[in-house]
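Colleague: based on what follows, work out the 3D shape:
(chains A and B)
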Protein chains: 2
Amino acid sequence: MTIPELTAQLLAGSRSALARTLSRVENSPEAADEALRTLGNQIGHAVRIGFTGPPGAGKSSLVTAYTKFLRKQGKQVAILAVDPTSPFSGGALLGDRVRMNAIGLDEGVFVRSLATRGDLGGLSQAAGDMADVLDAAGFDYILFETVGVGQSELEVVQYADSVVVVLVPESGDAIQGMKAGLMEAADVFCVNKADREGADRFTGDLQGAMMLKHWDEWKPPVVNTVATREQGVPELSEQIEAHLAHLRKTGEFESRRHAHARRRIQRMLEKKLLAKFWTEEKARVMDEALARGESPYSVLGKLQIS
Amino acid sequence: MTIPELTAQLLAGSRSALARTLSRVENSPEAADEALRTLGNQIGHAVRIGFTGPPGAGKSSLVTAYTKFLRKQGKQVAILAVDPTSPFSGGALLGDRVRMNAIGLDEGVFVRSLATRGDLGGLSQAAGDMADVLDAAGFDYILFETVGVGQSELEVVQYADSVVVVLVPESGDAIQGMKAGLMEAADVFCVNKADREGADRFTGDLQGAMMLKHWDEWKPPVVNTVATREQGVPELSEQIEAHLAHLRKTGEFESRRHAHARRRIQRMLEKKLLAKFWTEEKARVMDEALARGESPYSVLGKLQIS
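Modeller: Numbering: from 1, shown residues only, chains lettered A, B, ... in the order given. Modelled structure (predicted):
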């Protein structure tokens, strides 16, 4: 089926056309280009929320509980689960099965996982493109969920309007040496599994660590949850909405989205410019120079970027 | 001081000129360009070994112990400690102090940490450039040490000739969901803190997990160490040398280095091509299109990559 046929069907509500479009978009920038041009006018309605944090923080359970909460308010929810790793065990699969029992049969929920490998940036580009398709398909909330806190995962959630960083009371080490990127990416902190021992101390430590940082107008609130018992989820939702309201009030909502678009354009440009640059002749010049033991800088000089 | 003056002094053995050259190279691609062209003929003698693994695996102690071992064999050793995070605590500093007590006063050792932030790829480019400078300065071994296993850290160690992945008996979860990139990056596995309970079981699990993967000619050996007591370090060194010998025998040593050089050239090209592409006019076209709500793909079309 052609992309225009698929997009027409997904706009009419076909879930199978949506799934097929997403696969095409994930695997081919050309298909993404065609699909997003076709869907252009339909994109921009959905809110995008990112969930990231160390493995074992219960992000999958939390996203599931949050999804159920949004569903009760009549919202259509799409989940993009981003996994730049390929685990040996069936861990990811098991998590999916638990989730499927909870929300899998709900027509108002769409779950898609994404494991594109390849170059840095490829994953976030695919995630951004797929979120646009889901947006056009009419979902109100698009949730990015990552398995860990690697650089490519941070890049994915940074395309979200609001980012929830999920931690657990055992994440003490994670705070001590907390990746600056993680701290800076947070719009809302969620301390999950907050019924465990040490939760209060951990929340205190987190707030202490936050005091060491300068925040602009919005200081991320800290919400305690027990996702498996759906505790604290309304409070989490409230803080997410408060952040979105803050963004809209200050005009930052639009400026963030423009910044995201600019970053996506830069990434796409890099690829296009490189593809255009390389000719057989230039590849030959490079290989010969390298075989002579020349340095990368010397080779770069020979390639004559005119 | 000019770059040619600095490089002349570092070739003559000046450590302060070396330190100043490294700072210039780290902070400016133009300085790196000039320095590496000047040093071109002196680069290529050193062996580059990467050490990566999850936080807490004892990489810093292991690298220190391995350095002491190499020193006893009369080798000059440079350590590039790569930290793409900026911890709140003084953890990294403390580690450095321990290391300094062990090897800090040895003239045959040079330690430099690298924490360049900024774009993906910037860190690995700086690491590659700085390793070239250290190579020219006459070090026999250049050790890349990372704080974690993020994508940018993996990219750094992949510029090494041989990569040691450091784990501990408690890394069970790390194997279960082991990042594919980490498994694939390993030339030698090191189970550190091997005097801890569960070490044998862990080593067995690791070897089991390795059986699930197809290896080409070289199957990474697993070495047990207790870095703080310098146990197992000669065996680790032996396996690293065996891997290097294997690379040389099969011709893979050169082909890896060429692949590294090609990757570095690609990264540098991306930046140069983008810088050349963007004009004020194009930036204006982009901003106006985004303000009208156009999609990244639509904007890309307007930018006319001719």
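Colleague: tell me the phi and psi of the closest residue to A:Gln231 other than its chain neighbours?
Modeller: Sequence neighbours aside, A:Thr225 is the residue nearest to A:Gln231 in space, at 6.1 Å (criterion: C-beta to C-beta, 6 or more residues apart in numbering or on different chains). Backbone N, C-alpha and C define where each C-beta goes, glycine included. Note on A:Thr225: backbone dihedrals following degrees, to the nearest 10 are phi -140, psi 160.
Colleague: tell me how far A:Thr225 lies from A:Asp187.
Modeller: 16 Å (C-beta to C-beta, to the nearest Å).
Colleague: give me the secondary structure label for A:Gly50.
Modeller: Classification of A:Gly50 by DSSP: H, G, I helix; E, B strand; the rest coil places it in strand.
Colleague: so who does it touch?
Modeller: For A:Gly50, the contact set (C-beta atoms under 8 Å, 6 or more residues apart in numbering or on different chains) comprises A:143-144, A:146, A:156-160, A:162-164, A:185.
Colleague: redo that, cut-off 7 Å
Modeller: A:Gly50 is in contact with A:144, A:157, A:160, A:163-164, counting by C-beta atoms under 7 Å, 6 or more residues apart in numbering or on different chains.
Colleague: then A:Val133?
Modeller: A:Val133 makes contact with A:21-22, A:25, A:35, A:39, according to C-beta under 7 Å, 6+ apart.
Colleague: among those residues, name the ones in helices.
Modeller: Of the contacts of A:Val133, the ones assigned to helices by DSSP state H are A:21-22, A:25, A:35, A:39.
Colleague: farthest pair within the residues you listed?
Modeller: Greatest spatial distance in the ones in helices among the contacts of A:Val133: A:Leu22 and A:Leu39, 11.9 Å, computed using C-beta to C-beta.
Colleague: of these two, which one has the most company?
Modeller: More crowded of A:Leu22 and A:Leu39, by other C-beta atoms under 10 Å in any protein chain shown: A:Leu22, with 25 against 20.
Colleague: measure that one to A:Gln158 for me?
Modeller: Taking C-beta to C-beta as the measure, A:Leu22 falls 21 Å from A:Gln158.
Colleague: returning to what we had before: can I get the ones in helices among the contacts of A:Val133 in CSV with pLDDT?
Modeller: Below are the ones in helices among the contacts of A:Val133 laid out as CSV (pLDDT from 0 to 100):
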residue, pLDDT
A:Thr21, 94
A:Leu22, 92
A:Val25, 90
A:Ala35, 92
A:Leu39, 90
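Colleague: for the closest residue to A:Leu80 other than its chain neighbours, list each beta-bridge partner.
Modeller: Nearest residue to A:Leu80 in three dimensions, chain neighbours excluded: A:Phe144, at 5.2 Å (C-beta to C-beta, 6+ apart). A:Phe144 forms beta bridges with A:Gly50, A:Leu80, as assigned by DSSP bridges.
Colleague: got a list of what A:Leu303 touches?
Modeller: With contacts defined as C-beta under 7 Å, 6+ apart, A:Leu303 is in contact with A:282, A:285-286.
Colleague: whoops, A:Ser298 was the one
Modeller: Contact analysis of A:Ser298 by C-beta under 7 Å, 6+ apart lists A:289, B:37, B:40.
Colleague: check contacts around the last one.
Modeller: In this case it means B:Gly40. For B:Gly40, the contacting residues are A:295, A:298, by C-beta under 7 Å, 6+ apart.
Colleague: how near is it to A:Lys249?
Modeller: 56 Å.
Colleague: what's the following helix or strand after the least confident helix or strand in chain A by mean pLDDT?
Modeller: Every helix and strand in chain A was compared by mean pLDDT, DSSP states H and E; the lowest is helix A:91-103, with a mean of 56. Tracing the chain past helix A:91-103, the next element assigned as helix or strand by DSSP states H and E is strand A:109-114.
Colleague: now the angle from the helix or strand following that following strand to strand A:109-114?
Modeller: Next in sequence after strand A:109-114, counting helices and strands by DSSP H and E, comes helix A:122-136. Interaxial angle, helix A:122-136 versus strand A:109-114 (axes from the mean of the first three to the mean of the last three C-alpha atoms, to 10 degrees): 160 degrees.
Colleague: with only the CA atoms kept, save helix A:122-136 in CSV.
Modeller: The C-alpha coordinates for helix A:122-136 follow below in CSV (Å, rounded to 0.1, in the frame of the first residue of the first chain):
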residue,chain,number,x,y,z
GLY,A,122,18.8,7.7,14.5
LEU,A,123,16.6,6.5,17.4
SER,A,124,15.5,10.0,18.4
GLN,A,125,14.7,10.9,14.8
ALA,A,126,12.5,7.9,14.4
ALA,A,127,10.9,8.6,17.8
GLY,A,128,10.1,12.2,16.8
ASP,A,129,8.7,11.1,13.4
MET,A,130,6.6,8.3,14.9
ALA,A,131,5.2,10.7,17.6
ASP,A,132,4.1,13.0,14.8
VAL,A,133,2.2,10.2,13.1
LEU,A,134,0.5,9.2,16.4
ASP,A,135,-0.3,12.9,16.9
ALA,A,136,-2.0,13.0,13.5
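Colleague: on that earlier part again, out of the contacts of A:Gly50, give me the two with the largest separation.
Modeller: Farthest pair in the contacts of A:Gly50, by C-beta to C-beta: A:Phe144 and A:Val164, 9.9 Å.
Colleague: common neighbours of the two, please.
Modeller: Common neighbours of A:Phe144 and A:Val164, counting by C-beta under 7 Å, 6+ apart, are A:50-51.
Colleague: is chain B within reach of the helix ranked longest in chain A?
Modeller: Selection of the longest helix in chain A by residue count, based on DSSP H, yields helix A:252-277. Yes. Using C-beta under 7 Å from any C-beta of the partner chain, helix A:252-277 reaches chain B at A:258, A:261-262, A:264-266, A:268-270, A:272-274, A:276-277.
Colleague: hmm, which of those residues are the buried ones?
Modeller: Among those, the ones that count as buried by 16 or more other C-beta atoms under 10 Å in any protein chain shown are A:261-262, A:264-266, A:268-270, A:273.
Colleague: possible to save those as TSV with distance to B:Asp200 and pLDDT?
Modeller: As requested, those are arranged in TSV below (distance: C-beta to C-beta, whole Å; pLDDT from 0 to 100):
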residue	distance to B:Asp200	pLDDT
A:Ala261	53	88
A:Arg262	53	88
A:Arg264	49	85
A:Ile265	53	88
A:Gln266	50	84
A:Met268	50	82
A:Leu269	52	85
A:Glu270	48	81
A:Leu273	53	87
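Colleague: going by distance to A:Thr64, which of those residues wins?
Modeller: When these are compared for distance to A:Thr64 (C-beta to C-beta), A:Arg264 wins out at 28.2 Å.
Colleague: ok, now which ones touch that closest one?
Modeller: A:Arg264 is in contact with A:125, A:128, B:296, counting by C-beta under 7 Å, 6+ apart.
Colleague: list the contacts for the first one?
Modeller: With contacts taken as C-beta under 7 Å, 6+ apart, A:Gln125 has the following neighbours: A:264, A:267-268.
Colleague: where does A:Asp287 fall, secondary structure wise?
Modeller: A:Asp287 belongs to helix A:280-291, assigned by DSSP H and E.
Colleague: quickly check: that helix near chain B or not.
Modeller: Yes. Counting by C-beta under 7 Å from any C-beta, chain B is contacted by helix A:280-291 at A:286, A:290.
Colleague: and the residue nearest to A:Leu80, how far from B:Ala186?
Modeller: The spacing between A:Phe144 and B:Ala186, counted by C-beta to C-beta, is 30 Å.
Colleague: these two: who's more crowded?
Modeller: Between A:Phe144 and B:Ala186, A:Phe144 has the larger neighbour count (other C-beta under 10 Å), namely 29 against 24.
Colleague: no further queries at this time; thank you.
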